[in-house]
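Visitor: Sequence unavailable; structure follows:
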Ligand SMILES: CCC(=O)Nc1cccc(Nc2nc(Nc3ccc(OCCOC)cc3)ncc2F)c1
């Protein structure tokens, strides 16, 4: 029985997972961070295991943060179960979501989704609930986008990789001038001063809503990053997606107010989206 009695004196760090309790299965994807595989924890719990390629993240800082992240628990957040930090590469063990990234899901199911505004709005509301929880805990995501949300059974949508961007070492990723920086999801104050806040998450959320209602189109099409920066600085915003209700687009536009303080909070946004959803149905 794993629950070591408190008196045992062993500091049983509950965020530390014993790799011997993991069974690694098929690969789910890979990227510059390493490989992600499906797995079973303690024989029966479905997990995703991110095996962090060495040199991609400041591991000790991340392991410290993992203690906080395991405490962030919400139905619309991909649950961090723990880390295997005793050997390299470190493993990040999270809840498994069977339908993969929201971006791929939107693109693969465009035909059935394009005419289902109610479902698209529900997906946005689920992400908003997860983000409102993070906002309440003063936790900034820093890389909110459809590619960083995941879809589970019964069309559940959850936010993944919250806060992870702080530990990426590749400065092509972290500096706003870098080639891998998510320019198209960044507000002016991030482009100019890398000033992240829940209000910069709100801007990214507006872009995520646009991704959802276009069923996974690339924001600003094939425009180069420099051209997008110029447009955003001039106050140009993404156009209304073809089949998107006016009320929904008006909410997206509020997320793109040039001044952070003029953008809504996730708490307020959630109420507005729910009342629009009730009005539509
Ligand atoms: C930022 C890049 C990054 O992390 N990318 C990345 C790639 C892969 C998996 C994860 N993570 C997780 N994935 C799942 N489920 C998952 C299920 C199916 C799937 O299908 C792939 C083939 O489709 C035809 C992909 C993922 N559940 C939890 C995760 F945490 C993250």
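Guide: Yes, it's here. Values in this document were obtained by computation on a predicted structure and should not be read as measured data.

Visitor: Quick one: name the residues of the chain near the ligand.
Guide: In this structure, the chain approaches the ligand at residues 28-29, 31, 36, 48, 78, 94, 96-98, 100, 150, 160, judged by C-beta under 6 Å from any ligand atom. All C-beta atoms are positioned from the backbone trio N, CA, C, and that covers glycine.

Visitor: Where strands are concerned, which of the residues you listed count?
Guide: 28, 29, 31, 36, 48, 94, 150 (DSSP state E).

Visitor: Could you report the neighbour count for the second one?
Guide: In other words, residue 29. Residues lying near residue 29 (other C-beta atoms under 10 Å) number 12.

Visitor: pretty sure it contacts residue 36?
Guide: Yes: under the criterion of C-beta atoms under 8 Å, residue 29 makes contact with residue 36 at 5.1 Å.

Visitor: Would you map the strands across the stretch 151-281 of the chain?
Guide: 157-159 (DSSP state E, counting those that start in this stretch).

Visitor: Now it against the ligand: closest residue?
Guide: residue 160 (5.4 Å; C-beta to the nearest ligand atom).

Visitor: Does that residue touch residue 146 like I think?
Guide: No: using C-beta under 8 Å, residue 160 makes no contact with residue 146, being 10.9 Å away.

Visitor: Give me the buried subset of the residues of the chain next to the ligand.
Guide: If you count burial by 16 or more other C-beta atoms under 10 Å, the buried members of the residues of the chain next to the ligand come out as 28, 36, 48, 78, 94, 96, 97, 150, 160.

Visitor: just the residues you listed now: which is nearest residue 280?
Guide: Nearest to residue 280 out of these is residue 150 (C-beta to C-beta; 25.4 Å).

Visitor: mind listing what the closest one touches?
Guide: Residue 150 makes contacts with 78, 97, 99, 100, 101, 102, 157, 158, 160, as judged by C-beta atoms under 8 Å, 6 or more residues apart in numbering.

Visitor: Number of residues surrounding the closest residue to residue 249 other than its chain neighbours?
Guide: Spatially, and ignoring its direct neighbours in sequence, residue 249 is nearest to residue 240 (4.3 Å; C-beta to C-beta, 6 or more residues apart in numbering). For residue 240, the neighbour count with other C-beta under 10 Å is 17.

Visitor: One more: residue 229?
Guide: By other C-beta under 10 Å, the residues close to residue 229 number 19.

Visitor: Can you read off the pLDDT for the closest residue in space to it that isn't next to it in sequence?
Guide: Spatial nearest neighbour of residue 229, chain neighbours left out: residue 191 (5.5 Å); criterion: C-beta to C-beta, 6+ apart. Per-residue pLDDT puts residue 191 at 97.
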